[in-house]
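**Q** Take a look and give me a structure for this.
(2 chains)
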Number of protein chains: 2
Amino acid sequence: MALGRVAVVGLGNVGRYAVEALRQAPDLELAGVVRRAAAGAAPDLPGVKVVQDPAELGPVDVALLTVPSRQVPEHARHYLGLGIRTVDSYDIHGEIPALRRELDRLARDRGTVAVLAAGWDPGTDSVIRALFEVMTSRGITYTNFGPGMSMGHTAAVKAIPGVRKALSLTLPAGQGRHRRAVYVELEPGADFDRVESAIQTDPYFVHDETRVYRVENVDDLTDMGHGVVVERKGVSAGAHNQLLRFEMRIHNPALTAQVMVAAARAALRLDPGAYTLVEISPVDLLPGDRDRWIARLV
Amino acid sequence: MALGRVAVVGLGNVGRYAVEALRQAPDLELAGVVRRAAAGAAPDLPGVKVVQDPAELGPVDVALLTVPSRQVPEHARHYLGLGIRTVDSYDIHGEIPALRRELDRLARDRGTVAVLAAGWDPGTDSVIRALFEVMTSRGITYTNFGPGMSMGHTAAVKAIPGVRKALSLTLPAGQGRHRRAVYVELEPGADFDRVESAIQTDPYFVHDETRVYRVENVDDLTDMGHGVVVERKGVSAGAHNQLLRFEMRIHNPALTAQVMVAAARAALRLDPGAYTLVEISPVDLLPGDRDRWIARLV
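**A** Next up is the predicted model:
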């Protein structure tokens, strides 16, 4: 008996890995994939129902919104309005508090649950940063990304008219600062200067030093590996020089998908409302029996 | 207006740092210190009430049990029986599930809360291990301690008759294996061989290669620094070689005290029952307004 049936909304990189993560989850059932455009079978996903209207999937307990961040709010409103729990990995950091307030109200009205910003940053990195604050009440935390491919930034570039394919790399520049390198493959007749200007003025890029390169073939450059170093030096109970460091090197959309699937599990266990990962107890993200995890992890 | 008044029970290394952490906590009030033996003022803690009977401290919302692990169960039963929330850093890993069940029943009966095993291991390391399982559904996690001073092992050696002072070092031996080096300063007339044999057969030491050294002066060797590396290589959504690593170098009792104080805060916010740290949302461990933390961390 599965804990719940989960639909994947969108079928980009994260969506494809979410399908795989759901297939491997011992306690969740893949209801199918919802794609707004070009519904029909995905030839590389045999046995997976791909539909335009989620009603065709039968009962759905959770919608995993693997659409670009800017489309997350409208999708979340839609599914919560249907009384279906939502999980997203919305990554526009400054707008998360407002989105959380809105989804919290919607979810409570419909007696359902939204888990938002549930990727790795925001997401599991946010939990690490919270834990570092718990361990050291004073100090400074730096989050250093990369080098690696940013899915959010890449999707933002792909949405610019004239861009056929794109790759946005995040390069660490120390103490939480970053540079970005963007590689674009243009549609015939597109104007590189206009594309570059649209990138430089996009809110995703405006705070960082960004270089844009025109290339013939983006696919040849694409490696979905990424990484982060979160480091903090702080004070615990008056003792200085407490050194904390988290580092990972990971396949980016696969990790995002895995975390979203864990959040879907939590969404099936939580009281109505909207939650970010720092508001969820870690054991609620894990499959199966709580006592077994406590015996194993604690 | 403080969230609650907290008493520190015991005044060893962790107790002294807990007093300091409580003084620095913006939302908690130090009610005083309870010491079973030798009640009276602690000359190095001016202005702190040190008593034998907690009733002398006025209303107490949380008792921070900074006593040796083997004394934790009796103290927890006592305070929970009085309807006072408890926090401990009980570190006998294999016995945590049974203690949790017992304290859960007691806490629910009295409408109060116990947070147990709330140090750094078990404790914040347990949360890291849980998070690593969330991020990679398959893989192997290694926890490598040290080099550094183990408070639990040191306290266990100090409890052996004939030992005046002790220092137990944990030395990493790779892949989660450890060696231990124990330095003992004996009471006059004590038999070193009997002390060594008591150490070697103690459950704290029986699983590891342990060497025991007799020294003239343990204080000259004592550095309370410690550290850990938690590492995992695993699979997210079918993507292999996801590399996760957490490392810290810290003052051991100061970090334990800081985490216990954070757990006291959570104890004031949780529904009745017993909890380990993996069952608590990280934001409940942090002082003040939840929305402010979400805006800052997520």
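
**Q** For the stretch 51-200 of chain A, which residue gets nearest to chain B?
**A** Taking C-beta to the nearest C-beta as the measure, the stretch 51-200 of chain A has residue A:130 as its residue closest to chain B, at 3.9 Å. Every residue, glycine included, has its C-beta placed from N, CA and C.

**Q** can you pull the pLDDT of that residue?
**A** Predicted confidence (pLDDT) for residue A:130: 98.

**Q** so it sits in a strand?
**A** No - Residue A:130 is assigned helix when assessed by DSSP: H, G, I helix; E, B strand; the rest coil, not a strand.

**Q** any idea how far it lies from residue B:110?
**A** Taken as C-beta to C-beta, to the nearest Å, the spacing of residue A:130 relative to residue B:110 amounts to 30 Å.

**Q** Counting neighbours, go ahead and name the busier of those two.
**A** Using other C-beta atoms under 10 Å in any protein chain shown, the more surrounded residue of residue A:130 and residue B:110 is residue A:130, with 26 against 17.

**Q** Provide a list of residues in contact with the nearest residue to the more buried one once chain neighbours are set aside.
**A** In this structure, residue A:130 finds its nearest non-sequential neighbour in residue B:282, 3.9 Å apart by C-beta to C-beta, 6 or more residues apart in numbering or on different chains. Residue B:282 sits next to A:127, A:130-131, A:134, A:278-279, B:127 when contact means C-beta atoms under 8 Å, 6 or more residues apart in numbering or on different chains.

**Q** Using JSON lines, lay out the residues you listed together with distance to residue B:151.
**A** Supplementary listing: the contacts of residue B:282 in JSON lines, determined by distance: C-beta to C-beta, whole Å:
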{"residue": "A:127", "distance to residue B:151": "26"}
{"residue": "A:130", "distance to residue B:151": "25"}
{"residue": "A:131", "distance to residue B:151": "20"}
{"residue": "A:134", "distance to residue B:151": "19"}
{"residue": "A:278", "distance to residue B:151": "29"}
{"residue": "A:279", "distance to residue B:151": "31"}
{"residue": "B:127", "distance to residue B:151": "19"}
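
**Q** Just the buried residues of those.
**A** Buried residues within those, defined by neighbour count using 16 or more other C-beta atoms under 10 Å in any protein chain shown: A:127, A:130-131, A:134, A:278-279, B:127.

**Q** Strands along the stretch 1-150 of chain A, start to end?
**A** Secondary structure of the stretch 1-150 of chain A by DSSP state E, counting those that start in this stretch: the strands cover A:4-9, A:28-34, A:50-51, A:62-65, A:85-88, A:113-115, A:138-145, A:148-149.

**Q** how about the ones you listed in TSV, adding distance to residue A:211 and mean pLDDT?
**A** Formatted as TSV, the entries for the strands of the stretch 1-150 of chain A read as follows, by distance: least, C-beta to C-beta, whole Å; pLDDT from 0 to 100:
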stretch	distance to residue A:211	mean pLDDT
strand A:4-9	34	98
strand A:28-34	36	97
strand A:50-51	38	94
strand A:62-65	31	98
strand A:85-88	30	98
strand A:113-115	35	98
strand A:138-145	16	97
strand A:148-149	15	94
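
**Q** Tell me the one of the buried ones among the contacts of residue B:282 nearest residue A:146?
**A** Distance ranking of those against residue A:146, using C-beta to C-beta, places residue A:127 first at 19.9 Å.

**Q** Where does pLDDT dip in chain A?
**A** Under the criterion of pLDDT under 70, the regions of chain A flagged as low confidence span A:38-41.

**Q** Can you get me a residue count around residue A:195?
**A** Burial of residue A:195 is recorded as 22 neighbouring residues (other C-beta under 10 Å).

**Q** Not counting sequence-adjacent ones, nearest residue to residue A:257?
**A** Beyond its immediate neighbours in the sequence, the residue positioned closest to residue A:257 (C-beta to C-beta, 6+ apart) is residue A:17, lying 3.5 Å away.

**Q** rewinding a little: which ones among the contacts of residue B:282 map onto helices?
**A** Mapping the contacts of residue B:282 onto helices (DSSP state H) picks out A:127, A:130-131, A:134, B:127.

**Q** and of those, the nearest to residue A:159?
**A** residue A:127 (29.3 Å).

**Q** OK, contacts around the closest one?
**A** Applying C-beta under 8 Å, 6+ apart to residue A:127 gives the contacts A:277-278, A:282, B:127, B:131, B:282.

**Q** now do 10 Å
**A** A:120, A:246, A:259, A:276-280, A:282, A:285, B:127-128, B:130-131, B:134, B:281-283, B:297-298 (C-beta atoms under 10 Å, 6 or more residues apart in numbering or on different chains).

**Q** how near is it to residue B:293?
**A** Applying C-beta to C-beta, one obtains 12 Å for the distance of residue A:127 from residue B:293.

**Q** so what sits against both of those two?
**A** By the contact definition C-beta under 10 Å, 6+ apart, residue A:127 and residue B:293 are jointly contacted by A:276, A:278-279, B:282-283.

**Q** Give me the subset of the residues you listed lying in strands.
**A** Secondary structure assignment (DSSP state E) places none of these within strands.

**Q** closest to residue A:79 among those?
**A** Set against residue A:79, the nearest of the shared contacts of residue A:127 and residue B:293 by C-beta to C-beta is residue A:276 (17.8 Å).

**Q** Let me see the contact set for the residue nearest to residue A:257.
**A** Each residue near residue A:17 by C-beta under 10 Å, 6+ apart is listed here: A:8, A:66, A:224, A:251-258, A:260-261, B:236-239.

**Q** got the CA positions of the longest helix along chain A in PDB?
**A** Looking across chain A with DSSP H, the single longest helix is helix A:252-267. Below are the C-alpha coordinates for helix A:252-267, written out as PDB (Å, rounded to 0.1, in the frame of the first residue of the first chain):
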ATOM      1  CA  ASN A 252      22.300  18.600 -10.300                       C
ATOM      2  CA  PRO A 253      18.800  17.700 -11.600                       C
ATOM      3  CA  ALA A 254      19.100  14.200 -10.200                       C
ATOM      4  CA  LEU A 255      19.700  15.600  -6.700                       C
ATOM      5  CA  THR A 256      16.900  18.200  -7.100                       C
ATOM      6  CA  ALA A 257      14.500  15.400  -8.200                       C
ATOM      7  CA  GLN A 258      15.500  13.200  -5.300                       C
ATOM      8  CA  VAL A 259      14.900  16.000  -2.700                       C
ATOM      9  CA  MET A 260      11.500  16.800  -4.300                       C
ATOM     10  CA  VAL A 261      10.400  13.200  -4.000                       C
ATOM     11  CA  ALA A 262      11.400  13.200  -0.300                       C
ATOM     12  CA  ALA A 263       9.400  16.400   0.100                       C
ATOM     13  CA  ALA A 264       6.400  14.700  -1.600                       C
ATOM     14  CA  ARG A 265       6.600  12.100   1.200                       C
ATOM     15  CA  ALA A 266       6.600  14.800   3.900                       C
ATOM     16  CA  ALA A 267       3.700  16.500   2.200                       C
END
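
**Q** Wasn't residue A:243 part of a strand?
**A** Yes - going by three-state DSSP, the assignment for residue A:243 places it inside a strand.

**Q** With adjacent residues omitted, what lies nearest to it?
**A** Counting by C-beta to C-beta, 6+ apart, residue B:249 is the residue found nearest to residue A:243 once chain neighbours are left out, at 4.4 Å.

**Q** does the one you found count as helix, strand or coil?
**A** The three-state label for residue B:249, taken from three-state DSSP, comes out as strand.

**Q** roughly how far apart are it and residue B:7?
**A** Residue B:249 sits 31 Å away from residue B:7 when distances are taken as C-beta to C-beta.

**Q** And residue A:296, by the same measure?
**A** Relative to residue B:7, residue A:296 is positioned 33 Å away (criterion: C-beta to C-beta).

**Q** Give me the distance between the longest helix of chain A and the centre of its chain.
**A** 8 Å (C-alpha atoms, centre = their mean, to the nearest Å).

**Q** Over to stretch A:219-230?
**A** Remark: stretch A:219-230 is offset 15 Å from the chain centroid, using C-alpha atoms, centre = their mean.

**Q** before we move on, what about stretch A:233-249?
**A** 26 Å.

**Q** For the stretch 51-200 of chain A, what lies in contact range of chain B?
**A** In this structure, the stretch 51-200 of chain A approaches chain B at residues A:90, A:93-94, A:96-98, A:100-101, A:116-117, A:120-138, A:141, judged by C-beta under 10 Å from any C-beta of the partner chain.
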